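*Asks:* Build me a structure from this.
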Amino acid sequence: MKILSLILLVGLLLRPALSRSEDADAKNLVNRILDAQHTRGFIIRAKLTVSETGSDAHKAAQLRIKSRRDERDSRWLYQVLWPTAEKGTALYLERVGKKSLGGFFFTPPDKVEAIGNDPLGIAYLSSDLSLEDLVDDFWQWPDPKAGAQEEAGRETCRIVNLRPPPDMKSNYSLIRAWISEEKAVPMRLLKFNRQGQAAKEFTVQKIVQNQRFWFPMVTIIQKPGGTRQTTFEISRGDRDVDVPVSDFSLEEMKKAAAAN
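*Replies:* Numbering: from 1, shown residues only. I've put the predicted structure just below:
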């Protein structure tokens, strides 16, 4: 009986130490993802497709996406290249210091509409991607917690749980990430709403290596139990490039919309 009690006591003493070690590993994984994202900026081409299960009907858009980051500010520009009927339509987003997300929608030739004071849940191009999803701020949430090891996308992953700090505006209460321990790339995300219910699942179908970093190239986004599927597919891109601030101006958006 004394031996059994000693074994149980040792187990209880070791468990917090092991948990702290696993949390350190989880934080290291997240930091490796942030290292990959820490660039002056990027320019990519991507295709966004929205489809319904059991239907041949779908909506697709070809996008040019630009981003610029400096010490305090981040900017993003999503502009439609195709279809012709929506060519030039743009979404500009900015995070200046610790301020709330700002920006506007642009519709050619000259319509500008602010994203409003509560924009996080707004759907982009009627897809399952919200404006909050587009900026991916959650990787900077503090104190990630480690979960179990589990396979996702044929990769051995560590589950990492991320929760927003109390002063952070977010439509999510928890984001559970399956991160490849070898490649430090997220293979699956499960996002929970403020009521604690699973709201969206992101499944990565293809990853590629750029320099020493791995990145998702094809991602499927679905609401659990829903019939709609959003596919986000990157065709090409350049990372760590100096994107001028002027590229995010309304004048440049108008020029791009008018170009052949």
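*Asks:* can you pull out the strands in the stretch 101-250 of the chain?
*Replies:* 102-107, 111-114, 145-152, 155-162, 172-180, 186-193, 198-210, 213-222, 228-239 (DSSP state E, counting those that start in this stretch).
*Asks:* wait, what's in contact with residue 209?
*Replies:* 183, 215 (CB atoms under 8 Å, 6 or more residues apart in numbering). For every residue, glycine as well, the C-beta is placed using N, CA and C.
*Asks:* quick one on the thing from earlier: kindly reformat the strands of the stretch 101-250 of the chain as JSON lines containing distance to residue 74 and mean pLDDT.
*Replies:* JSON lines is the format used below for those (distance: least, CB to CB, whole Å; pLDDT from 0 to 100):
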{"stretch": "strand 102-107", "distance to residue 74": "11", "mean pLDDT": "97"}
{"stretch": "strand 111-114", "distance to residue 74": "18", "mean pLDDT": "97"}
{"stretch": "strand 145-152", "distance to residue 74": "25", "mean pLDDT": "94"}
{"stretch": "strand 155-162", "distance to residue 74": "18", "mean pLDDT": "96"}
{"stretch": "strand 172-180", "distance to residue 74": "19", "mean pLDDT": "98"}
{"stretch": "strand 186-193", "distance to residue 74": "19", "mean pLDDT": "98"}
{"stretch": "strand 198-210", "distance to residue 74": "20", "mean pLDDT": "96"}
{"stretch": "strand 213-222", "distance to residue 74": "18", "mean pLDDT": "96"}
{"stretch": "strand 228-239", "distance to residue 74": "15", "mean pLDDT": "95"}
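*Asks:* Residue 107 and residue 85, how far apart?
*Replies:* Between residue 107 and residue 85 the distance is 11 Å, computed by CB to CB, to the nearest Å.
*Asks:* the more surrounded of these two?
*Replies:* residue 107 (13 against 7; other CB atoms under 10 Å).
*Asks:* Hmm, the more buried one is touching residue 87, no?
*Replies:* No. Using CB atoms under 8 Å, residue 107 is not in contact with residue 87; the gap is 10.8 Å.
*Asks:* Residue 22: which element?
*Replies:* Taking DSSP states H and E as the criterion, residue 22 maps to helix 2-37.
*Asks:* So which bits of the following helix or strand past that helix are buried?
*Replies:* Proceeding N to C from helix 2-37, the next assigned helix or strand is strand 41-52, under DSSP H and E. Neighbour-count burial for strand 41-52 flags 41-44, 46-48, 50-51 (criterion: 16 or more other CB atoms under 10 Å).
*Asks:* who's in contact with strand 41-52?
*Replies:* 57-69, 81, 124-129, 227-243.
*Asks:* Which of the residues you listed are buried? Put it as a PyMOL command.
*Replies:* Those of the contacts of strand 41-52 that count as buried under 16+ other CB under 10 Å are selected in PyMOL with:
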select buried, resi 61+62+63+64+65+66+67+68+69+81+124+125+127+128+129+229+230+231+232+233+234+237+239+243
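*Asks:* With adjacent residues omitted, what lies nearest to the residue sitting nearest the centre point of the chain?
*Replies:* Compute the mean C-alpha point of the chain, and by CA atoms, centre = their mean the closest residue is residue 136, 3.7 Å away. Nearest non-adjacent residue to residue 136, counting by CB to CB, 6 or more residues apart in numbering: residue 37, 7.7 Å away.
*Asks:* That neighbour against residue 138, yeah?
*Replies:* No. At 11.7 Å, residue 37 does not count as touching residue 138 under the criterion of CB under 8 Å.
*Asks:* So those two - more neighbours on which side?
*Replies:* residue 138 (21 against 15).
*Asks:* What's opposite the closest residue to that one other than its chain neighbours in the beta bridge?
*Replies:* Among residues not flanking residue 138 along the chain, residue 175 sits closest, at 5.0 Å (CB to CB, 6+ apart). Residue 175 forms beta bridges with residue 162, residue 191, as assigned by DSSP bridges.
*Asks:* And for residue 175, the neighbour number?
*Replies:* Residue 175 has 22 nearby residues by other CB under 10 Å.
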